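Participant: my questions are about this predicted structure, shown below with the sequence.
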Amino acid sequence: MAIPIAEFWCSNDDDLPPLTDEMVSIAEEQLGVKLPAEYLALLRVQNDGDTHGFGFPMTQPTTWAKDHVPLIDMAGIVTDPSISTAQNILDTGLMTEEWGLPPHQVLLSGDGHWWITLDYRKGDTPSVAWIDVECGEDIQVASTFAAFLDGLRPDSNFDEE
């Protein structure tokens with residue numbers, strides 16, 4: 001990972017409970033996927049929240065920017081129904097239906113109009129995708145979550161638009 005794991009997270013305003021093996025098992029069973037080890041390692045440090053502000057360089061422009069896609073925050077895993085958070089991968093099914101997203105995605109970050117996803121459409125090992133619902137963009141960003149993490153750069157590396 002190009003960004004040290006200790007420098008990945010910025011804040012956790014939701015103060016969610018720490019990730020447990022049981023929470024991972026529930027999430028994987030509910031979503032029908034095996035989550036990447038690198039994603040789970042980040043959640044073991046902090047179970048959702050704002051990142052220090054990163055972008056992934058892109059060779060093709062997107063609706064976000066001409067040269068990158070953002071990773072402003074990242075969803076965690078919340079299995080307790082009494083805990084409310086806007087950043088929970090277990091809301092993937094509801095959000096997929098609400099926003100008309102392609103199947104076999106796990107939503108990591110986004111605002112409804114756009115998403116960064118774990119894309120399981122091609123098999124058990126997910127790629128990372130950028131999906132802009134309103135503009136019809138559906139672009140593979142990285143071949144794996146590990147490659148996505150390796151490519152992340154601080155926001156300051158990109159021009160503001």
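Facilitator: Arrived safely, thanks for sending. Please read all numbers here as calculations on a predicted model, not as lab measurements. Residues are numbered from 1 along each chain as shown.

Participant: longest strand anywhere in the chain?
Facilitator: Of all the segments assigned as strand in the chain under DSSP state E, the longest by residue count is strand 49-57.

Participant: can you give the strand pairings for it, parallel or anti for each?
Facilitator: strand 9-11 (antiparallel), strand 68-74 (antiparallel), strand 153-154 (antiparallel) (DSSP bridges).

Participant: check these for me: which has the lowest mean pLDDT.
Facilitator: Taking the mean pLDDT of each of these, the lowest value is held by strand 9-11, a mean of 84.

Participant: for the protein, which segments are assigned as strands?
Facilitator: Counting by DSSP E, the chain has strands at residues 9-11, 49-57, 68-74, 105-110, 114-119, 127-132, 137-142, 153-154.

Participant: what's the pLDDT at the nearest residue to Asp155 once chain neighbours are set aside?
Facilitator: Take Asp155 and drop its neighbours on the chain: the residue closest to it by CB to CB, 6 or more residues apart in numbering is Gly53, 4.1 Å away. Yep, even glycine has a C-beta here, placed from its N, CA and C like the rest. pLDDT, Gly53: 94.
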